[in-house]
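> With the sequence up front, the predicted model follows.
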Amino acid sequence: MTEEESNNVALLEKGYAFWNQSKADCEGVSCWMALLSDDVQWRSLAAGAAGMEFTRACRSKDEVQSYFQELGKDWELLSYNADEFIAQGDRVVMLGSCAWKHRGTGKTVKSPKADVIRMRDGKIVDFMEFYDTAAAIAGAT
């Protein structure tokens, strides 16, 4: 692993660990916001589907901040495990799992999780998350 790849993985390992520890509170969100470039592209597999509107594509830090606000309004983080990181060049893939409880329905959703991230100068410039969207949408309705 190159020094850049190692540095990118180390930054993301800390971010994911703090996200889980903080249970996605304001400090956890602030940690992620500090990792983002100003021109970040942030996407989610649900892509703004009914019940998951907060997952629409984001094209700036301000839009990602709104994503986190809407996520926290609707969902309570129960666990977020980043089990493995794979790095190649400016890309890092995180493989793990997560569990969330919908604040309105009371339903709990557990899912495998994969994030594909592109870094530039120690900042996230592109983020795409993959998870069980069918389970998440069912949990939200």
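Yes, it's here. Numbering: from 1, shown residues only.

> Show me what the helix or strand hosting Tyr67 is packed up against.
Per DSSP states H and E: Tyr67 is located in helix 61-74. The contact analysis (3 or more C-beta pairs under 8 Å, 6 or more residues apart in numbering; DSSP states H and E) places helix 61-74 against helix 26-35, strand 36-44. No exception for glycine: its C-beta is placed from N, CA and C like everyone else's.

> what's the most buried one of these?
strand 36-44 (a mean of 18; mean count of other C-beta atoms under 10 Å).

> CA atoms only for it - export them in PDB, please.
Output of strand 36-44 as PDB, limited to C-alpha atoms (Å, rounded to 0.1, in the frame of the first residue of the first chain):
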ATOM      1  CA  LEU A  36     -15.300  16.400   2.900                       C
ATOM      2  CA  SER A  37     -14.000  18.600   0.100                       C
ATOM      3  CA  ASP A  38     -16.000  21.700  -0.800                       C
ATOM      4  CA  ASP A  39     -17.000  20.100  -4.200                       C
ATOM      5  CA  VAL A  40     -17.900  16.700  -2.800                       C
ATOM      6  CA  GLN A  41     -20.300  14.400  -4.800                       C
ATOM      7  CA  TRP A  42     -22.300  12.300  -2.300                       C
ATOM      8  CA  ARG A  43     -24.600   9.600  -3.500                       C
ATOM      9  CA  SER A  44     -26.700   6.800  -2.100                       C
END
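
> Which other helices and strands does the lowest-mean-pLDDT helix or strand in the chain contact?
Lowest on mean pLDDT, DSSP states H and E among the helices and strands of the chain sits helix 26-35, with a mean of 89. Contact here means 3+ C-beta pairs under 8 Å, 6+ apart; on that basis helix 26-35 packs against helix 3-22, helix 61-74.
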